[in-house]
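# Task: produce atomic coordinates for the following.
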Amino acid sequence: MKKIGFFTSFGIGGADHTSYILAKQLSKHYGNEKFTVFFNNMSLPNSNNLSRHDSYLEYCKPIKISSVTDFNNYNIDILFVHRGGNEFWLLPDFENTNFNFKIIEINFHGATLTKADFRIFPSQTLVNHYSLNNVPHIVIPNPIPRATTLENLREELNLNNKFVVGRVARGDPEIYCDINLIAYKNIEDENTVFLYLNPSHKAIEDSKKLNIKNIIFIKPTICSEQLDKLYNTFDVHAHSNVIGETFGNSVAESFIRGIPTISHEGLTIWPQAHKEFFINTKELYINKSDKNTMVAIYTKCLYMLKNNLGYRDYISKLQKEYAVKHFSEDVIVNRYIEVIDNI
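Residues are numbered from 1 along each chain as shown. Modelled structure (predicted):
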């Protein structure tokens, strides 16, 4: 059996969460003797951020490397390289080093191609956007786990009998968009609440400018149970960012939990991979237009989901069916195992 290495980073974004899920499930499949997780100083987030390092300790003991040449000391056959950004700063000198194993790059963005024998992209949109069809690769969506609990935060946050609009965000002001907040303001009443996880400072400022009365901001978390409880509190997930997605983890996470989700197109210079998810619920994906038009359509979608429970259940069913078929955790991990076995 092949011996597999898996280099990762410990941030809290969608790419890092995906990396954690893959490493955990592949470690379970191959066992610690055949599967090793690696990291370096650059894998650790800034001191102000949460880290997933301790989460890995629950099932393995990650090995810290000081140089990329260290990889050659572990007799591995395949190295998975997790690269969540458009630069390869996590592994200095990787390009200039000779390795005695095959390299599979888990490529979440695609703009920069680094040394690899094979690449895995999370969406066909990403491949098409960067014209990578001549590169040895395969498209495998990110693995999305199902909820581990049915509990929610309604009683804790005093939200019983409220219509809860939620947003799971990255806290990055550079990608923040206010379309969902403005649309929510248009439907807000005493029976609605906007529950916002990991807001950027701009989101907080805009909520005040818009005079949104019922909004609760939640600090970021890497606790799966707490995240499940948060999602379970939503009636609708109001996704919105200014650029778009190379996959769209938070959209996929709400889909697989059966939470009706609205989104919109971002900048055309960036992949819009999340559009793939809405093939059966196209009316909840808003194409790029002038901002007032996009807000008006978003508002109409929220209004329909708020006031028509039958429609909400219908959307929930369609989006969940799509998610289970296309990116449920067990299906995706098995596809990764097939790739490993065939290399």
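# Near residue 326, how many other residues are there?
17 (other CB atoms under 10 Å). No exception for glycine: its C-beta is placed from N, CA and C like everyone else's.
# What helix or strand is it located in?
In the assignment (DSSP states H and E), residue 326 maps to helix 309-327.
# And the contacts of that helix?
Outside helix 309-327, the residues that touch it by CB atoms under 8 Å, 6 or more residues apart in numbering are 141-144, 235-236, 252, 254-261, 277, 279-281, 284, 304-305, 331.
# Restricted to buried residues, select those in PyMOL.
With 16 or more other CB atoms under 10 Å as the burial test, the buried ones among these are selected in PyMOL as follows:
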select buried, resi 141+142+143+144+235+236+252+254+255+256+257+258+259+260+261+277+281+284+304+305
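# Can you show me the strands along the stretch 1-150 of the chain?
Under the criterion DSSP state E, counting those that start in this stretch, the stretch 1-150 of the chain contains strands at 4-7, 35-39, 63-64, 78-83, 102-107, 118-121, 137-139.
# can you pull the buried residues of the last one?
Residues residue 137 are the ones in strand 137-139 that count as buried (16+ other CB under 10 Å).
# and it, what's its mean pLDDT?
In this model, strand 137-139 has an average pLDDT of 93.
# Equivalent analysis for the fifth one, please.
Along strand 102-107, the predicted confidence averages to a pLDDT of 90.
# now the third one
For strand 63-64, the mean per-residue pLDDT is 96.
# go on, stretch 169-182?
91.
# C-alpha coordinates for that stretch, CSV please?
What follows is stretch 169-182, C-alpha atoms only, in CSV (Å, rounded to 0.1, in the frame of the first residue of the first chain):
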residue,chain,number,x,y,z
ALA,A,169,-18.8,34.8,6.3
ARG,A,170,-15.0,34.9,6.1
GLY,A,171,-14.7,38.2,7.9
ASP,A,172,-12.6,39.6,5.1
PRO,A,173,-13.5,43.2,4.2
GLU,A,174,-12.0,42.8,0.8
ILE,A,175,-14.7,40.4,-0.4
TYR,A,176,-17.6,41.8,1.8
CYS,A,177,-20.8,42.8,0.0
ASP,A,178,-23.8,44.6,1.5
ILE,A,179,-26.5,43.3,-0.9
ASN,A,180,-27.8,40.7,1.5
LEU,A,181,-28.0,43.2,4.4
ILE,A,182,-29.9,45.8,2.3
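# How far away from the center of its chain is it?
Between the centre of stretch 169-182 and the centre of its chain there are 15 Å (CA atoms, centre = their mean, to the nearest Å).
# Beta-bridge partners for the closest residue to residue 234 other than its chain neighbours, please?
Distance criterion CB to CB, 6 or more residues apart in numbering; nearest residue to residue 234, sequence neighbours excluded, is residue 166 at 3.5 Å. With DSSP bridges as the criterion, residue 166 is bridged to residue 195, residue 237.
# got the contact list for residue 166?
Contacts of residue 166 (CB under 8 Å, 6+ apart): 194-197, 230-231, 233-238, 254, 259.
# ok, now with 10 Å
180, 193-197, 216, 218, 230-239, 250, 254, 259, 261 (CB atoms under 10 Å, 6 or more residues apart in numbering).
# ok, it to residue 230 distance?
Distance, residue 166 to residue 230, by CB to CB, to the nearest Å: 7 Å.
# got any residues that touch both of those two?
Going by CB under 10 Å, 6+ apart, residues that sit against residue 166 and also against residue 230 are 195, 197, 218.
# follow-up on the earlier one: which ones among the contacts of residue 166 are found in strands?
193, 194, 195, 196, 197, 216, 218, 236, 237, 238, 261 (DSSP state E).
# Compare those and tell me which is most surrounded.
In terms of neighbours by other CB under 10 Å, the ones in strands among the contacts of residue 166 top out with residue 261 at 31 neighbours.
# Tell me where the stretch 201-343 of the chain has helices.
All helices of the stretch 201-343 of the chain, identified by DSSP state H, counting those that start in this stretch, fall at 201-209, 224-233, 249-256, 291-307, 309-327, 329-342.
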